[in-house]
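Asker: How does the following fold in three dimensions:
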Amino acid sequence: MLCLTGCISKLNRYANESVSDIEAKIRTAKSTIIAADQEQVIDTIFANLKKAGAPVSRKQLEAAQTLAIANESTDGKPNSIWGYGTGFDSSLSGSAVC
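Answerer: Numbers count the residues shown, from 1 in each chain. As a prediction, this is how the structure comes out:
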């Protein structure tokens, strides 16, 4: 129940956040580069997720990167937080390249 309560609390905060604040966060994510090249992107994300105890493999991260690269024209730079994040989200949901 605690997790559900926490999730609802986060959703309520998000729902009450101003659109300009959300847009600013998106702009920041689009302009924040994780690493200079794609290999460093995987290394950086893998190291941080491993440190956090997340059960993720390099293969999963590489699949996400493939989608991020394929969708660069719509989602932005694949080595940015936003671009890679959308690739990661698509890889988890099993979405095909758009």
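Asker: Tell me how far Lys59 lies from Ser31.
Answerer: The gap separating Lys59 from Ser31 is 28 Å, by Cβ to Cβ, to the nearest Å. Backbone N, C-alpha and C define where each C-beta goes, glycine included.
Asker: In terms of neighbours, single out the busier of these two.
Answerer: Taking neighbours as other Cβ atoms under 10 Å, Lys59 and Ser31 compare with Ser31 leading, 12 against 8.
Asker: Grab the nearest non-local neighbour of that one.
Answerer: Ser80 (6.8 Å; Cβ to Cβ, 6 or more residues apart in numbering).
Asker: Give the closest residue to the residue nearest the centre of the chain in space, chain neighbours not counted.
Answerer: Most central in the chain under Cα atoms, centre = their mean is Gly85, positioned 2.0 Å from the mean C-alpha point. Closest residue in space to Gly85, ignoring its immediate chain neighbours: Ala29 at 6.9 Å, by Cβ to Cβ, 6+ apart.
Asker: What's the separation between Ser31 and Arg58?
Answerer: Ser31 is 26 Å from Arg58, by Cβ to Cβ.
Asker: correction: Arg27
Answerer: 30 Å.
Asker: Also Ser73?
Answerer: Relative to Arg58, Ser73 is positioned 26 Å away (Cβ to Cβ).
Asker: When the two are compared, which one has more neighbours?
Answerer: Arg58 (12 against 7).
Asker: Just the pLDDT at the more buried one, thanks.
Answerer: Per-residue pLDDT puts Arg58 at 94.
Asker: Please report how far it lies from Glu23.
Answerer: Distance from Arg58 to Glu23, by Cβ to Cβ: 33 Å.
Asker: need the contact list for the residue lying closest to Gly83 once chain neighbours are set aside.
Answerer: Closest residue to Gly83 apart from its sequence neighbours, by Cβ to Cβ, 6+ apart: Gly76 at 4.3 Å. Gly76 is in contact with Lys30, Trp82, Gly83, Thr86, counting by Cβ atoms under 8 Å, 6 or more residues apart in numbering.
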